[in-house]
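Trainee: Generate coordinates for the sequence data below:
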Amino acid sequence: MKNQLVLFTTDFPFGTGETFLETEIIYLSKEFQEVRIITQNTTSKICRDLPKNCFVERINIEVSKLDKIKSLFGLFSTLFWNEIKVIKTIYGKSITKEMISTMLISLYRGKKIKTIVLGLRNSNIQNTKHFFYSYWCDDVALGLALAQDEKNTLNCFSRIHGWDVYFEASSIDYLPFRHYISEKLKAIYSISEKGKEYVRDNWKILNQEKIKLARLGVSKQTMVEINKDNFILVSCSNVIPLKRVELIVRALSEIKNQKITWVHFGDGPKLAEVKALALEILSSNITFEFKGRVTNKEVLTWYTENNPSLFINVSTTEGIPVSIMEAMSFGIPVIATDVGGCSEIVNNENGMLLPKNPEISLISNIILKFLNLSDETKIKLNRDVIISWSNNFESEKNYPAFIRNINN
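Mentor: You can find the predicted model right below:
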């Protein structure tokens, strides 16, 4: 029997986002005879290389003004009123207009995905076992849950990361239909123990065995060499409010007598503001460069060629950042805020955890602590970082284990 995987993504393989799938797709393509990638990216011309048995389709599930009007028919849906009950009695939250709007749009989009899934199932070749995989627990996962609810013989599952897990990450302190999604899908795979615990405690699903741990992973790299001539601090993230890149600027502004080069990869709506702040407050001993959004391959090549000394992430919320996994695969120690699953990858043996809302002076002092380590200590630390990474986030271990779980 032929195994076919249908993978739903936001952008991949187009654009430069979802870089973590660049590694996972290699393992998926080895275990499934055919991988069908359905992406919501309908415009980007940049397409990354894919294995030969991967095929791509683009879909548009954006809602127009007319769609928003049509979504009001969701008010007559039993699922909508069941969700109202869940919010009130299980989550203990008050219903707001924003919640209702979010629910109706999500349900409308979810029904579009359901139609696609059932159409694929009905049109596919006989003697084919189908697997439907949503990379994010969002409206696509809701669509898979709706399809699973109608056709229980389907095998539909989703990953959960960070923003798609934590209610607090949403401006309305709520994520739609999570209780329903987790009850209907065959399984939900959390990339972190923290995410798994949060689902148990906050989504309050009945069947806890459906929530499984399946860590992401990255490939092993050559260990960085000690950079005796220059201390290079690197960061890699979107420049958006929750990433708080401006905290890095303010921390570096307090360091006056040590030379540091800071390089940031990534862009976003706050990039101009952060650049202006850096120009305004950083002293001449701090050299900085904003690389913008580049491909994952370019980031890894830059690490190999420049031997960064330290990686930093000061987000307000995370799953387990792949950017941290990648840095650690080179042996680069990491400073990160203790949010989401960061404590599952960063510790005193491979870097330093900061409080969720760290003082600027604390960030500065910890950067200086790593800068002033002896060369011997730095070499040992680099080795410890790689060991820590290999034990938990090596792709050669994690993705085959995930695929075995899917097939069970």
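Trainee: Burial check on residue 73, number of neighbours?
Mentor: 13 (other CB atoms under 10 Å). (Each C-beta comes from the backbone N, C-alpha and C, glycine too.)
Trainee: How about the contacts made by it?
Mentor: For residue 73, the contact set (CB atoms under 8 Å, 6 or more residues apart in numbering) is empty.
Trainee: SS state for it?
Mentor: helix (DSSP: H, G, I helix; E, B strand; the rest coil).
Trainee: Need phi/psi at residue 77.
Mentor: Main-chain dihedrals, residue 77, degrees, to the nearest 10: phi -90, psi 140.
Trainee: quick one: it and residue 318, what's the gap?
Mentor: 34 Å (CB to CB, to the nearest Å).
Trainee: Settle it for me: which of those two has more neighbours?
Mentor: Between residue 77 and residue 318, counting by other CB under 10 Å, residue 318 is the more crowded of the two (28 against 14).
Trainee: so residue 54 touches residue 35, yeah?
Mentor: Yes - Residue 54 lies in contact with residue 35 (CB atoms under 8 Å); the separation is 4.5 Å.
Trainee: what is in contact with the two at once?
Mentor: Common contacts of residue 54 and residue 35, defined by CB under 8 Å, 6+ apart, comprise 25, 29.
Trainee: neighbour count winner among these two?
Mentor: Taking other CB under 10 Å, residue 54 and residue 35 do not tie; residue 35 has more neighbours (23 against 19).
Trainee: ok, now which ones touch that one?
Mentor: 4-5, 7, 25, 28-29, 51, 53-55.
Trainee: For it, which three-state class applies?
Mentor: strand.
Trainee: Please report how far it lies from residue 186.
Mentor: Counting by CB to CB - residue 35 and residue 186 are separated by 18 Å.
Trainee: excluding its backbone neighbours, what's nearest the most centrally placed residue in the chain?
Mentor: In the chain, the centroid-proximal residue (CA atoms, centre = their mean) is residue 161; its distance is 5.2 Å. Counting by CB to CB, 6 or more residues apart in numbering, residue 161 lies nearest to residue 319, which is 3.7 Å off, once chain neighbours are set aside.
Trainee: My guess is the one you found contacts residue 159. True?
Mentor: No - the pair residue 319 / residue 159 is not scored as a contact, 9.2 Å apart, by CB under 8 Å.
Trainee: overlap in contacts of the two?
Mentor: residue 191.
Trainee: Just the CA trace of the helix or strand where residue 277 lies, in PDB.
Mentor: Taking DSSP states H and E as the definition, residue 277 sits inside helix 271-281. Extracted as PDB, the C-alpha positions of helix 271-281 are listed here (Å, rounded to 0.1, in the frame of the first residue of the first chain):
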ATOM      1  CA  LEU A 271      13.300  47.100  12.000                       C
ATOM      2  CA  ALA A 272      13.600  50.800  11.200                       C
ATOM      3  CA  GLU A 273      12.800  51.700  14.800                       C
ATOM      4  CA  VAL A 274      15.400  49.300  16.200                       C
ATOM      5  CA  LYS A 275      18.100  50.500  13.600                       C
ATOM      6  CA  ALA A 276      17.400  54.100  14.600                       C
ATOM      7  CA  LEU A 277      17.800  53.200  18.300                       C
ATOM      8  CA  ALA A 278      21.100  51.500  17.700                       C
ATOM      9  CA  LEU A 279      22.400  54.400  15.800                       C
ATOM     10  CA  GLU A 280      21.300  56.800  18.500                       C
ATOM     11  CA  ILE A 281      22.500  55.000  21.700                       C
END
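Trainee: That helix: which residues count as buried?
Mentor: Judged by neighbour count (16 or more other CB atoms under 10 Å), helix 271-281 contains these buried residues: 271, 274-275, 277-278.
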